[in-house]
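In: Sequence first, then the predicted structure:
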Amino acid sequence: MKRTYLLGLDNGGTVTKAALYGTDGEEIAVFSTQVQPIMEKVGFVERDMDALWAANAKAIRGVLEKSAVNPSDIIGVAVSGHGCGAYFVDDEGRPAANGIISTDTRAKELVERWNADGTYEKLLPMTMQIIWAGQTLPIVAWHQAEKPQLLDRAKWVLSCKDYIRFCLTGEAYTELTDVSVANGINLTTKAYDDAIFAAFGIEAYKRLFAPLRKCTDACGVVSAKAARETGLLEGTPVAGGLCDVAACCIGTGVTSPDKMCMVAGTWSINEFISKRPIVSKELFQTALYCMDDYWMILENSMTSASNLEWFIQNLMSAEKKEAELAGGRVYTITDDMAASVSPEDCPVIFLPFLFGTNVNADAKACFLGVSGLHTKAHLMRAVYEGVAFSHRAHMENLLRFRERPASIRISGGAARSRVWVQIFADVFQIPIEVSAASELGAMGAAMCAGIATGVLEDFYHAADVFSKVRYTCAPNPEKAQIYADKFDLYRKLSSRLDDTWKEWKTVFKNS
């Protein structure tokens, strides 16, 4: 019997991945490529949209070549990508400007105003989440004030993955899990709401938002143009796909409220699902899940494994070169460095706020407690621990709304490091389950393609087929007290610097 396959694409802040799966859940091949962000001004984080589509096309061609699978045997495609941001498309289907990534903060002052003038309180019962600068509606509002000419020539504003699906099919749709994390819809009605657009002052630009679709809806087929550029067969069905927070959650097998998961990647994402929405000023976000009648309950910030990427990029050029010459990975070196220092011998605390924070909008990253005795290995250990502390702060807030879980499933870049996973387990004192699949976002997208084409019944069936645990990392109870003490210090330092960041902002106005 001829085997059939499902293709999932995943687009993060820099890396684009294509992953091919058998309908039995087996990962056949993965191909990755990168598009570096454009950061020409403080707070602006963009990417070339043509380069982004070219990266997706290259990844598809690469995974087809690597797997030697006949494109005619691929029965469905779907896309996952980072939530929020803004990708503007004009009347001719061309990019109207650079795409804007979710880590962009140009709309920060607008957000501060909305938090102060009551807009946030007005919106909360409808959108069930905080307002932050990287969300789509705040970005549109910023353009209305600063660059209205872009909005006037744009036909659509899409999320990252909705733009890639548009490139595949030529059809524009906004998928529900994506728009639900962007303050874009009323979560009770699961529809656009004029009151939301009015609250943001952008009623005139509601026209930019494409028709809504579910993640498992059929959303067109691969066009002739996309077929030429990717190697896919023209007419291959394309499903709605889903935002990365939902893709990784379902990819780890979260199909019931008792489970919890973390994504330790560009963002610190910490979540569980609930049969009822939770509306609270004490919570980062409630959003729609890929399973009907479930909501995602989330605590997120830009404080996760991207901090390590920055450290490597800027402080480890010699180690990177060493790894390349040896045919290895620089992450093996970073793991060895972190493991060489015990938690009790590392009095350095790292606040992982290089790209944003969950404690203060003006806070910056810093190492605290460094002395002349310390080495790069101590700093590396502090980075690993600081990221885990940020995740724990989020998870403790989530535990205000539910019971402590028996285990937590982890995905993202940090999950590839056994050293880092052990640190997570010891910091949380909860067993950490590492998913067997290498690319949870792409796999979640492939699940959508399978359901849309009828080869998978629903997400319960998909999770049974696809979601496996590679290993479980048990916490070391002997590390419980040292990490409890260090986490307490981390939280105290984070809060006690609040006044300092106000002064910092005054002195360094463009920082």
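Out: Here it is on my side, so go on. Bear in mind the structure is a predicted one, so any value in this text is a computation, not a measurement.
In: Start from the N-terminal end of the stretch 351-500 of the chain and give the strands.
Out: Chain-ordered strands for the stretch 351-500 of the chain, with DSSP state E, counting those that start in this stretch as the definition, fall at 366-368, 408-411, 432-435, 469-473.
In: for the stretch 151-300 of the chain, that is, sorry about that
Out: Listed from the start of the chain, the stretch 151-300 of the chain has strands (DSSP E, counting those that start in this stretch) covering 154-158, 174-175, 212-213, 218-221, 237-239, 242-243, 261-264, 268-274, 285-288, 295-301.
In: Which strands or helices does the second one pack on?
Out: Just to be clear, that refers to strand 174-175. The helices and strands touching strand 174-175, judged by 3 or more CB pairs under 8 Å, 6 or more residues apart in numbering; DSSP states H and E, are helix 160-169, strand 212-213. In this view, the C-beta of every residue, glycine as well, is placed from N, C-alpha and C.
In: tell me the angle the first one makes with strand 154-158.
Out: What it means is helix 160-169. When axes from the mean of the first three to the mean of the last three CA atoms, to 10 degrees is applied, the directions of helix 160-169 and strand 154-158 differ by 120 degrees.
In: Three-state assignment for residue 21, please.
Out: Remark: residue 21 carries the secondary structure label strand [criterion: DSSP: H, G, I helix; E, B strand; the rest coil].
In: beta partners for it?
Out: Each beta-bridge partner of residue 21 is listed here, defined by DSSP bridges: residue 6, residue 27.
In: mind starting the numbering at 50 from now?
Out: All right, first residue 50 from here; so that's residue 70.
In: on that earlier part again, just say which of the helices and strands packed on strand 223-224 is most tucked in.
Out: Burial of the helices and strands packed on strand 223-224 is given as mean neighbour count (mean count of other CB atoms under 10 Å); helix 209-218 ranks first at a mean of 27.
In: re the thing from before, can you list the helices and strands packed on strand 223-224 in TSV and add distance to residue 105 and mean pLDDT?
Out: Rendered in TSV, the data for the helices and strands packed on strand 223-224 read as follows (distance: least, CB to CB, whole Å; pLDDT from 0 to 100):
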stretch	distance to residue 105	mean pLDDT
helix 209-218	5	98
strand 261-262	19	98
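In: mind putting those in TSV, distance to residue 53 included?
Out: Listed next are the helices and strands packed on strand 223-224 as TSV, based on distance: least, CB to CB, whole Å:
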stretch	distance to residue 53
helix 209-218	19
strand 261-262	24
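In: Determine which of the ones you listed approaches residue 355 most closely.
Out: helix 209-218 (16.0 Å; CB to CB).
In: and that closest one, what does it pack onto?
Out: Contact here means 3+ CB pairs under 8 Å, 6+ apart; on that basis helix 209-218 packs against strand 54-60, helix 98-116, strand 123-130, strand 136-139, strand 223-224, strand 267-270, helix 273-279, strand 286-288.
In: where are the low-confidence patches of this structure?
Out: 50-51, 559-560 (pLDDT under 70).
In: Try it again at 80.
Out: Counting by pLDDT under 80, the chain has low-confidence residues at 50-52, 405, 407-408, 410, 558-560.
In: Show me the one of the helices and strands packed on helix 209-218 that comes nearest residue 251.
Out: Counting by CB to CB, and looking across all of the helices and strands packed on helix 209-218, nearest comes strand 136-139 at 13.7 Å.
In: how long is stretch 141-158 end to end?
Out: With CA to CA, to the nearest Å as the measure, the first residue of stretch 141-158 is 33 Å from its last.
In: again but with stretch 141-154, I slipped
Out: Termini of stretch 141-154 sit 29 Å apart (CA to CA).
In: neighbouring contacts of it?
Out: Contacting residues not belonging to stretch 141-154 are listed as 62, 86-87, 92-99, 101, 131-139, 155, 182-184, 188, 199, 202-203, 209, 212, 215, 219, 315-316, 351, 404-405 [CB atoms under 8 Å, 6 or more residues apart in numbering].
In: Equivalent analysis for stretch 215-225, please.
Out: With CB under 8 Å, 6+ apart as the test, stretch 215-225 has contacts from 102, 105, 126, 128, 138, 142, 204-205, 207-208, 210-211, 214, 233-234, 239, 258-264, 266, 268-272, 274-275, 279, 281, 287, 289-292, 337.
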